[in-house]
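*Asks:* Dropping a prediction and its sequence here:
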Amino acid sequence: EPEVTQTPSHQVTQMGQEVILRCVPISNHLYFYWYRQILGQKVEFLVSFYNNEISEKSEIFDDQFSVERPDGSNFTLKIRSTKLEDSAMYFCASTRVGGNQPQHFGDGTRLSIL
Amino acid sequence: GENVEQHPSTLSVQEGDSAVIKCTYSDSASNYFPWYKQELGKGPQLIIDIRSNVGEKKDQRIAVTLNKTAKHFSLHITETQPEDSAVYFCAASKVKGGKLIFGQGTELSVKP
């Protein structure tokens, strides 16, 4: 069964540094998402991406965040200048076009900011 | 604003018993309600979903019910097994391809 894959599984970064989290969505999916989960809290929506542009973003997704689909397979989340409070699990998800289709999630990247 | 409340936060049952997890949503425009199971170190995995034009859906030991008037939906797991132990999340969305609003999660523990 096709899966969403995320790399790396764990990223440790110094505060103030840039970090790029990578995702390979399921191949025939066209909607892409990033969510985050701070330890012990609920999963929170960050951004959705369709047709090479952001379709919706949350208040969390400020100017420090950006997303990109650099080629036909990867979908990346960049945090320009990381803060301690960016420490969380970051999940990528994707879905097919058409109706309310299920979102399929990757296993996440654990981001630790020191 | 959009919000999904989920209860209980923890649930412990004996193997073979049933487990029920309940969620309420605030946005009456919500029309799609998936349930996810999250095991340790893994991402959320879809286990069942329901759309607003349906009141109940069943898949083997798992069923979901939806009450649009009351804006709540529930997950029912029958004949629980130890491998059902995980964190379960409900979610809601309202537009095609739209964001999911998650509940707080329920940690289910099934004791052998």
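*Replies:* That came in fine, so what should we check first?
*Asks:* any idea which residue sits dead centre in chain A?
*Replies:* Compute the mean C-alpha point of chain A, and by C-alpha atoms, centre = their mean the closest residue is A:Trp34, 3.1 Å away.
*Asks:* And that one, its phi and psi?
*Replies:* A:Trp34 adopts backbone torsions of phi -120, psi 140, taken as degrees, to the nearest 10.
*Asks:* Excluding chain neighbours, what is closest to it?
*Replies:* A:Leu46 (4.3 Å; C-beta to C-beta, 6 or more residues apart in numbering or on different chains). Placement of C-beta: from N, CA and C, glycine included.
*Asks:* Ok, A:Ser81 next?
*Replies:* Using C-beta to C-beta, 6+ apart, the closest residue to A:Ser81 is A:Gly16 (5.4 Å).
*Asks:* Could you do B:Asp84 as well?
*Replies:* Nearest to B:Asp84 is B:Val110, by C-beta to C-beta, 6+ apart, at 5.1 Å.
*Asks:* How much space separates the one you found from B:Ser12?
*Replies:* 8 Å (C-beta to C-beta, to the nearest Å).
*Asks:* returning to that earlier point: now the residue nearest to A:Ser81, what are its backbone angles?
*Replies:* phi 90, psi -10.
*Asks:* Residue 4: what's it in contact with?
*Replies:* No chain in the question, so chain A it is. A:23-26, A:92-94, A:104-106, B:43 (C-beta atoms under 8 Å, 6 or more residues apart in numbering or on different chains).
*Asks:* wait, I meant chain B there
*Replies:* B:23-26, B:90-92, B:101-103.
*Asks:* Make TSV from these and add pLDDT, distance to chain A and secondary structure to it.
*Replies:* Listed next are these as TSV, based on pLDDT from 0 to 100; distance: C-beta to the nearest C-beta, whole Å; DSSP: H, G, I helix; E, B strand; the rest coil:
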residue	pLDDT	distance to chain A	secondary structure
B:Cys23	98	12	strand
B:Thr24	97	14	strand
B:Tyr25	97	13	strand
B:Ser26	95	14	coil
B:Cys90	97	10	strand
B:Ala91	96	8	strand
B:Ala92	95	10	strand
B:Ile101	96	7	strand
B:Phe102	97	4	strand
B:Gly103	97	7	coil
